[in-house]
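S.K.: Sequence first, predicted coordinates after that:
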Amino acid sequence: MTPFKKVLLFCHRWLGFISGLVVFIVSITGCIFCFQDEIQDALYDYRHVAVQNKPYLKPSELLHVVKQKYPQATNDYIFFYGKNRPAGVLANSGKAGLEYVYLNPYTGVITYTQKPQTNFFIIVEYIHLYLLLPPAIGKWIVGVSVIIFMAIMITGLILWWPKRKSDRKRSFTIKWGGRWRRVNYDLHNVLGFYATSIAIILSVTGLAIAFEPVSRAIYNTANIGKKITYTDEVTEPKSDSLKKAGLASQPVVDLAFAHALKQVPEAEMFLIHNDPAVSGAIGVGGYAKSMHYSHATGFEFDKYSGKLLKSYIYDKKSPGLKLNEMNYDIHVGQIGGFTTKIIAFLASLICASLPVTGLIIWLGKRKKAKSKTSRVRGAVHHKTHKRQVQVS
């Protein structure tokens, strides 16, 4: 082995020791989360409603129902998940916590309520993002470990790549008939090779979720040669009505939702953010597919007057913004449907296995080195003893 590869091996091994446990946890939770929608749809009836041949209730009517149940709560987000799915309102009761309230979007009947911390998949998501630590701490531990993992994947690829063409066929396959240590060695190297490209994509998209500079870097890279800036495109507008309530002819959430329905009637899912504490704007987004967060067209309205302040038409968005909005769907593997979910699941499972198989390889080599040292010492002792007998 060349001195360069010895340095790479040293880095590969010790970086693995540093990040291995976190990578294992993050990868396993990523596997579980990949199919969370399908699993929850199969287990919970409240995630479905019977389709009715009539329009949805107005958002204000749903908010009125939730306000009666949670009079002290502010209702920050309203979801219309799809024609055969419930509407959802996020009720924020401050210190008392958050509550997801699911309603029939045609009748306004509350069908289910749930605290986020009681949902298994939300717990899995928080482990994945923060290791159940305070977010400000957990995201950095996870983020640094993911960056280290990317370096491990690259160094591993360089170390593994076969020199001779004749070795490549053997290097790309697992020798299932070999001894278990050989099988483990192949699992680490061969599966690591096949998973590298997907693992790096999942790592980068994960970092973009946690850290805005990464998201902005992706945006700028995709927009090379374009004059539009990140701030110009994503900054939400502010109210210009001097905070005078009652200027609109009807609740602004209703105006916003009606406008979105008219402009993007083909959208399957709508999200209204009703949290205008800073900007004084109420926004609504129409999404092409239910439970998918890419391919969105959005609008921002003045909280008080109902005036349309800004439109985010999907076809007019920059490539960078489109790519950023696809980030979640890419990260969980749903960007291309069930097939890409399976790919993301398998890649995450392989990533979880790499710290385990790598540790087994290291322990095996350590044991082999100790055994070799013992044999050498035994041989030296035998030769010395034999020489002493001959002399005497």
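M.R.: Happy to help now that I have it.
S.K.: Distance of L129 relative to Y112?
M.R.: Distance, L129 to Y112, using Cβ to Cβ, to the nearest Å: 25 Å. Bear in mind the C-beta positions are built from the backbone N, C-alpha and C, glycine included.
S.K.: neighbour-wise, which of these two wins?
M.R.: Taking other Cβ atoms under 10 Å, L129 and Y112 do not tie; L129 has more neighbours (19 against 14).
S.K.: The more buried one: what's it in contact with?
M.R.: Residues near L129 by Cβ atoms under 8 Å, 6 or more residues apart in numbering: 135, 138-139, 142, 209-210.
S.K.: Strands of this structure, start to end?
M.R.: 74-80, 87-92, 98-103, 110-114, 269-273, 281-287, 296-302, 308-312 (DSSP state E).
S.K.: so what secondary structure elements neighbour the fifth one?
M.R.: In terms of contacts (3 or more Cβ pairs under 8 Å, 6 or more residues apart in numbering; DSSP states H and E), strand 269-273 is packed against strand 74-80, helix 252-263, strand 281-287.
S.K.: Could you do the first one as well?
M.R.: Counting contacts by 3+ Cβ pairs under 8 Å, 6+ apart, strand 74-80 packs against helix 59-69, strand 87-92, strand 269-273.
S.K.: quick one, which of these is nearest to E233?
M.R.: Nearest of those to E233, taken as Cβ to Cβ: strand 269-273 at 17.4 Å.
S.K.: Excluding residues flanking it in the chain, which one is nearest I335?
M.R.: Nearest non-adjacent residue to I335, counting by Cβ to Cβ, 6 or more residues apart in numbering: D329, 4.3 Å away.
S.K.: Around that neighbour, how many other residues sit close by?
M.R.: D329, neighbours per other Cβ under 10 Å, totals 19.
S.K.: Identify the residues contacting it.
M.R.: Contacts of D329 (Cβ under 8 Å, 6+ apart): 292-294, 335.
S.K.: out of those residues, which one sits closest to I228?
M.R.: Comparing the contacts of D329 against I228 with Cβ to Cβ places S294 closest, at 19.1 Å.
S.K.: Might one say that that closest one is in contact with V332?
M.R.: No - in this structure, S294 is not within contact of V332 by Cβ atoms under 8 Å, at 11.3 Å.
S.K.: neighbour-wise, which of those two wins?
M.R.: V332 (25 against 19).
S.K.: And for L132, nearest residue in space, chain neighbours not counted?
M.R.: With Cβ to Cβ, 6+ apart, the residue lying closest to L132 is Y126, at 5.9 Å.
S.K.: mind checking pLDDT for the residue nearest to I335?
M.R.: At D329, the pLDDT value in this model is 96.
S.K.: That one and C351, how far apart?
M.R.: Taken as Cβ to Cβ, the span from D329 to C351 is 19 Å.
S.K.: go on, F338?
M.R.: 20 Å.
S.K.: likewise T205?
M.R.: Here the criterion is Cβ to Cβ. By it, T205 lies 14 Å from C351.
S.K.: T118 now?
M.R.: Distance from T118 to C351, by Cβ to Cβ: 29 Å.
S.K.: Neighbour count: these two, which is higher?
M.R.: C351 (26 against 9).
S.K.: roughly how far apart are that one and W362?
M.R.: Applying Cβ to Cβ to C351 and W362 gives a distance of 18 Å.
S.K.: again with K95
M.R.: Distance from K95 to W362, by Cβ to Cβ: 48 Å.
S.K.: So which residues of the chain form helices?
M.R.: Along the chain, the stretches classed as helices by DSSP state H are 3-34, 36-43, 59-69, 120-130, 135-160, 168-171, 180-210, 212-222, 230-234, 252-263, 319-325, 327-331, 338-391.
S.K.: Throw those helices into TSV and include distance to P86, thanks.
M.R.: Formatted as TSV, the helices of the chain follow (distance: least, Cβ to Cβ, whole Å):
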stretch	distance to P86
helix 3-34	21
helix 36-43	12
helix 59-69	10
helix 120-130	17
helix 135-160	28
helix 168-171	51
helix 180-210	26
helix 212-222	30
helix 230-234	30
helix 252-263	16
helix 319-325	24
helix 327-331	21
helix 338-391	23
